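Q: Output the structure for:
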Amino acid sequence: MVELIIAIGMAAIMIVSIGGALNSVYKLNMRSEMREKALAYAKEYLEIINEKQNDEFACICNPAPCSPCIKGSQSCNPSTGYSSCWMKFPDGLGTNNPLYLNKITNSLQTTPDPLDNISPFNREIAIENLGDFNRKKITVTVTWPEQGSTKTVILSTILTGWKNL
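A: Residues are numbered from 1 along each chain as shown. The predicted structure is shown next:
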């Protein structure tokens, strides 16, 4: 009879231990999955901005050459032999951060787009001019709540306006 009680006690301890281990593995898997989603959301924004960089930043002289090149309320000075240059801010905006993408037009804007519903994640863009306006550091920050704290993924890339448009 004592052996049976000991065996049942040991089985109960093993079941509780295995359950705890499975719970820890599940939580770790969920954290990893959330981080992978956040990375994908950040990469998506970087890819779209890379594709549309000249639409957002370029001023093209028409007729060429010109100095300064004027587009909307912004201007820039093309380098010698160039008929284009990049502006300080994205087209139509007066700031570089925080910015968001419009999901329909893929253009930058200063307010979050309600169509960009990736709950519980939030993402925003910051643009930093590096030296002159023809080099920009694009940083995408994705945040999400996890177990009572805020987790963050940050990805950056540098874009250059090297091409004469």
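Q: Please identify the helix or strand for T157.
A: Mapping T157 onto the secondary structure by DSSP states H and E places it in strand 149-160.
Q: Same question for K27.
A: If you go by DSSP H and E, K27 is part of helix 2-51.
Q: and if you look at E124?
A: Take DSSP H and E as the rule and E124 turns out to sit in strand 122-129.
Q: by contact count, what packs against that strand?
A: Using 3 or more C-beta pairs under 8 Å, 6 or more residues apart in numbering; DSSP states H and E, the elements in contact with strand 122-129 are helix 2-51, strand 100-101, strand 135-146. (C-beta placed from N, C-alpha, C; glycine too.)
Q: for the last one, which positions count as buried?
A: By that I understand strand 135-146. Within strand 135-146, the residues that qualify as buried are K136, I138, T139, V140, T141, V142, T143, W144, counting by 16 or more other C-beta atoms under 10 Å.
Q: Which parts of the strand holding E124 count as buried, going by neighbours?
A: Residues of strand 122-129 classed as buried by neighbour count (16+ other C-beta under 10 Å): N122, R123, E124, I125, A126, I127, N129.
Q: picking up where we left off before, just put the helices and strands packed on strand 122-129 in TSV and tack on distance to L93.
A: Written out in TSV, the entries for those read as follows (distance: least, C-beta to C-beta, whole Å):
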stretch	distance to L93
helix 2-51	13
strand 100-101	11
strand 135-146	13
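Q: Buried deepest among the ones you listed, which one?
A: Comparing the helices and strands packed on strand 122-129 on average neighbours per residue, with mean count of other C-beta atoms under 10 Å, the densest one is strand 100-101 at a mean of 20.
Q: strands paired with the next helix or strand after it, and their directions?
A: Using DSSP H and E, the helix or strand that follows strand 100-101 in sequence is strand 108-109. Strand 108-109 has the following sheet partners, assigned by DSSP bridges: strand 100-101 (antiparallel).
Q: contacting residues around the partner strand?
A: The contact list for strand 100-101, computed with C-beta atoms under 8 Å, 6 or more residues apart in numbering, reads 45, 48-49, 107-113, 116, 123-125.
Q: switch the cut-off to 10 Å
A: Strand 100-101 is contacted from outside by 44-45, 48-49, 52, 107-113, 115-116, 122-125, 140, using C-beta atoms under 10 Å, 6 or more residues apart in numbering.
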